[in-house]
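Undergrad: starting from these lines, generate the structure:
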Amino acid sequence: MSNMREQLLAKTAGIRATSSIKEDEVKRTGRTQTAPGLAGALAVAQLRVQELESTGAASQLSVAEVVPNPWQPRRVFNEEKLSELAESIREVGLMQPIVVRRSEESYQIVAGERRWRAHKMIGLDTVKAVVVDCSDEDMAVLALVENISRDDLSDYEIAISVRQTEKEFPDRKRMAEALGLSRTGLYQYLSFEKLPDFIRNDLDLHPRLLGGNAADAIVAAIRKHGEGGLDAAKEIWPLVVAGNMDQGKVAAAIKALATRRVTTSSASERSIDKFFSGKEHAGSITKDVNSFTVKIKAGVLTEAQETQIRELMSQMFRPQPN
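TA: Got it, this is the predicted structure:
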């Protein structure tokens, strides 16, 4: 099968969801491991790149003519590792050409963006490349599996890649299985899309400000408190950007601030009027958004006054004739 989507679905058709894998079946190590489904997807992607390379044409392209994969989710590249790669290329040259496809007046990277960036870093004018024919579907899926498998990719960047590639799967259940994610895990990535624009704009620049768990909790807090939750988030979010609040505490802070404002607002609409019998405090009339309450101290009313009050109340709420 030459179609990347068909290969990916076939490769992952029998893979169990992460939620069905027992803990004692998983071999633990000290580093992040590729999820079971993603391992299959990554294997197919690597085979596809090899297939494309074998049918492509070797070329020496101008670095300025090359542009990143449009589906590239990565916002931040590790400068230290990029510098190490650049020095290696300076000393021994590029061992593996990048893979690109033609696109109007430029060449879009299929695989090898770090190598291309390293060339730019050390001021090289040209880069070895293999020019291939590659569909939009291939480009999207390759960007997803290449990036999601890297340990240093943030949850937000993974979320972008997941969203951009969602159309390549028949449904979200199959997508979760293909990526080795539980349905809950997948929806945590998708929750980033529901964040307010002012948060996502900052994540575009600093994608590590929020992880999937925190993003999901913030979305839930804002949804629960409506406009009050959104206003609270606008005040609290700058603290996260400035590094003065841990991302795991944001949702609780939004809830606390929104709740406190509702309570304060209700209290501000409450009025209490006291009345006296001579100089003695006899009672009070309290009015708020929910009730109108009259309290009279025992012993200040005569039986006649009590009778008058009861009669007045009865008359006030007696059904009126049509």
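Undergrad: buried residues in stretch 161-169?
TA: 161-162, 164-165, 168-169 (16 or more other Cβ atoms under 10 Å). Yep, even glycine has a C-beta here, placed from its N, CA and C like the rest.
Undergrad: now, those that are in helices?
TA: 161-162, 164-165 (DSSP state H).
Undergrad: which of the residues you listed sits closest to residue 227?
TA: Nearest to residue 227, judged by Cβ to Cβ, of those is residue 162 at 29.2 Å.
Undergrad: follow-up on the earlier one: so can I have JSON lines of the buried residues of stretch 161-169 showing pLDDT and distance to residue 261?
TA: Shown next, in JSON lines, are the buried residues of stretch 161-169 (pLDDT from 0 to 100; distance: Cβ to Cβ, whole Å):
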{"residue": "161", "pLDDT": "77", "distance to residue 261": "37"}
{"residue": "162", "pLDDT": "80", "distance to residue 261": "35"}
{"residue": "164", "pLDDT": "73", "distance to residue 261": "37"}
{"residue": "165", "pLDDT": "73", "distance to residue 261": "40"}
{"residue": "168", "pLDDT": "66", "distance to residue 261": "44"}
{"residue": "169", "pLDDT": "72", "distance to residue 261": "42"}
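Undergrad: neighbours around the residue nearest to residue 62 when sequence neighbours are not counted, how many?
TA: Nearest residue to residue 62 in three dimensions, chain neighbours excluded: residue 126, at 5.9 Å (Cβ to Cβ, 6 or more residues apart in numbering). The tally of other residues near residue 126 (other Cβ atoms under 10 Å) stands at 15.
Undergrad: I'd assumed residue 66 was in contact with residue 126.
TA: No - with contact defined as Cβ atoms under 8 Å, residue 126 does not reach residue 66; the gap is 9.9 Å.
Undergrad: SS state for residue 245?
TA: coil (DSSP: H, G, I helix; E, B strand; the rest coil).
Undergrad: next, it: phi, psi?
TA: Main-chain torsions, residue 245, degrees, to the nearest 10: phi -140, psi 130.
Undergrad: in this structure it contacts residue 251, no?
TA: No - when contacts are counted by Cβ under 8 Å, residue 245 is not listed as touching residue 251 (11.1 Å).
Undergrad: the two: which is more packed in?
TA: More crowded of residue 245 and residue 251, by other Cβ under 10 Å: residue 251, with 23 against 15.
Undergrad: which residues touch the residue positioned nearest the centre of the chain?
TA: Geometric centre of the chain, nearest residue: residue 192, 2.1 Å, by Cα atoms, centre = their mean. Shown in contact with residue 192 (Cβ atoms under 8 Å, 6 or more residues apart in numbering): 155-156, 159-160, 200, 203, 210, 212, 215.
Undergrad: okay if I get these as TSV plus secondary structure?
TA: TSV is the format used below for the contacts of residue 192 (three-state DSSP):
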residue	secondary structure
155	helix
156	helix
159	helix
160	helix
200	helix
203	helix
210	coil
212	helix
215	helix
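Undergrad: which of those sit farthest apart?
TA: 200 and 212 (14.0 Å).
Undergrad: looking at those two, which is more packed in?
TA: Using other Cβ under 10 Å, the more surrounded residue of residue 200 and residue 212 is residue 212, with 21 against 17.
Undergrad: what's the farthest-apart pair in the ones in helices among the buried residues of stretch 161-169?
TA: Pairwise over those, using Cβ to Cβ, the maximum falls at 162 and 164, 7.4 Å.
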